[in-house]
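> sharing a model prediction with you, sequence too.
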Amino acid sequence: MKPVCVLGNGQLGRMLRQAGEPLGIAVYPVGLNAEPEAVPYRSSVITAEIERWPETALTRELAHHRDFVNRDIFPQLADRLPQKQLLDTLGLATAPWRLLSDASQWPQLFAELGDFIIVKRRTGGYDGRGQWRIRPGDEAELPPEIYGECIVEQGIPFSGEVSLIGARNAKGESVFYTLTHNLHQEGILRTSVALPNTDNRLQQQAETMLSTIMNHLNYIGVMAMECFIVGDNLLINELAPRVHNSGHWTQNGASISQFELHLRAILDLPIPQPEIFAPSVMINLIGTEINLAWLSLSLVCLHWYEKEVHPGRKVGHLNLTHADKSILKAELQRLASLLPAEYQSGLEWAQDKLN
């Protein structure tokens, strides 16, 4: 079986490596500044854990690699402008948006999009960074260098946020996980809940949307699609051409994790429909030191990234899965006493979703 080189050596690359081990797949997460001669890329399939990267000796070498899967798709989806244009071309619903080119646009933008507008950097913004929530008068505080580098979206009142993780192989076959319900706070994903029996209408709507995108792009591998629930419909918020934070629950709550599924798809191995065992909850550990007392709870599966702990930094996650929702909820209650105050609202939200 061909080895896999992952461009980027963060936690997603690490978890891809872990997923490859049971299958005998050698996975090498590599830093962007690695010397090309130190990387076994010539005989490998190439994938990435990030959407965009600077030009380095390694990325220049990989730019011409014939087995760099989705190489030409990454720049299209890494920039919110061509990503939005793609969704418009495919007739898929998103929040109304415009390119923000000049400060003189603001009166017209408020007239067209309303009094609550989200400004997003076209590239590089994530986890709440590079985004601003603007009401009339706030625009004067925006840094002048963002003009030409951002899009703006209408602020949408939504009832919930969900994501769909799917995978497609070279034969055009696709499989999907159940919709994941997500809670973001200050732009960072805090908690996800996945239920085996989800809203079939929304599930089918989401699968149709993501299938349309992956088939149009001839995409191979795992892709994530984040959506807002607005009334009875979904609006696409963002796409990620890679394994995704909101799919981490699949490591313990599905027969095939998103990481294994991605490797299967890019290596042209079988991709059967993953079985979803039971309700699952994923809790992001953000700027929190490891607490080994978490391991005293039998349902808690700790995934620690071995990164320096800084405020706002994702340093790990906890997965909990059980077929009996009452048992899962009781375990979340016990976990609450072992987590800082900023986690409590997310745990209460998860309890409510399990109801």
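Nice, I can see it.
> flag the shaky bits of this structure, pLDDT-wise.
125-128 (pLDDT under 70).
> show me the helices in it, by range?
11-20, 57-62, 74-78, 80-89, 106-113, 200-217, 250-253, 258-266, 325-336, 344-354 (DSSP state H).
> which residue ranges of the stretch 101-250 of the chain form strands?
For the stretch 101-250 of the chain, the strands defined by DSSP state E, counting those that start in this stretch occupy 117-121, 131-134, 150-154, 160-168, 174-176, 180-185, 188-194, 221-230, 233-240.
> how about those strands, which one is nearest residue 296?
Minimum separation from residue 296 across those (C-beta to C-beta) falls at strand 188-194, 20.8 Å. (C-beta placed from N, C-alpha, C; glycine too.)
> that closest one pairs with which strands?
Here strand 188-194 is paired, per DSSP bridges, with strand 180-185 (antiparallel), strand 280-286 (antiparallel).
> now for residue 316, how many residues are close by?
The local packing of residue 316 (other C-beta atoms under 10 Å) involves 20 other residues.
> just to revisit the earlier point, and the helices of the chain: which comes nearest residue 2?
Across the helices of the chain, closest to residue 2 is helix 258-266 (C-beta to C-beta), at 9.4 Å.
> so the closest one versus helix 11-20, what angle?
Put simply, helix 258-266 runs at 70 degrees to helix 11-20, going by axes from the mean of the first three to the mean of the last three C-alpha atoms, to 10 degrees.
> now do helix 258-266: distance to the chain's middle.
On the basis of C-alpha atoms, centre = their mean, to the nearest Å, the separation between the geometric centre of helix 258-266 and that of its chain is 15 Å.
> output the contacting helices and strands for it.
Helix 258-266 is packed against helix 11-20, strand 45-48, strand 160-168, strand 221-230, helix 250-253, with contacts defined by 3 or more C-beta pairs under 8 Å, 6 or more residues apart in numbering; DSSP states H and E.
> buried ones in that helix?
Going by neighbour count (16 or more other C-beta atoms under 10 Å), the buried part of helix 258-266 is 258-266.
> and the nearest residue to residue 191 once chain neighbours are set aside, how close does it get to residue 170?
Using C-beta to C-beta, 6 or more residues apart in numbering and skipping the chain neighbours, the partner closest in space to residue 191 is residue 346 (3.9 Å). As judged by C-beta to C-beta, to the nearest Å, residue 346 and residue 170 stand 38 Å apart.
> with neighbour numbers in mind, choose between those two.
Each of residue 346 and residue 170 has its neighbours counted (other C-beta under 10 Å); residue 346 has more, 21 against 13.
> the more buried one reaches residue 181, doesn't it?
No - counting by C-beta atoms under 8 Å, residue 346 stays clear of residue 181, with 11.8 Å between them.
> so what's residue 250 up against?
Neighbouring residues of residue 250 by C-beta atoms under 8 Å, 6 or more residues apart in numbering: 165, 177, 194, 256-259, 261, 274, 280.
> swap the cut-off to 7 Å and go again
177, 257-258 (C-beta atoms under 7 Å, 6 or more residues apart in numbering).
> ok, now residue 293?
Going by C-beta under 7 Å, 6+ apart, the list of residues near residue 293 reads residue 338.
> end to end, how far does stretch 304-315 reach?
Using C-alpha to C-alpha, to the nearest Å, one end of stretch 304-315 lies 6 Å from the other.
> quick one, phi/psi of residue 143?
phi -60, psi 140 (degrees, to the nearest 10).
> roughly how far apart are it and residue 133?
Counting by C-beta to C-beta, the gap from residue 143 to residue 133 is 15 Å.
> which one of these two is surrounded by more residues?
The residue with more neighbours, out of residue 143 and residue 133, is residue 133; 11 against 8, by other C-beta under 10 Å.
> check the gap between that one and residue 158 for me.
According to C-beta to C-beta, residue 133 stands 14 Å off from residue 158.
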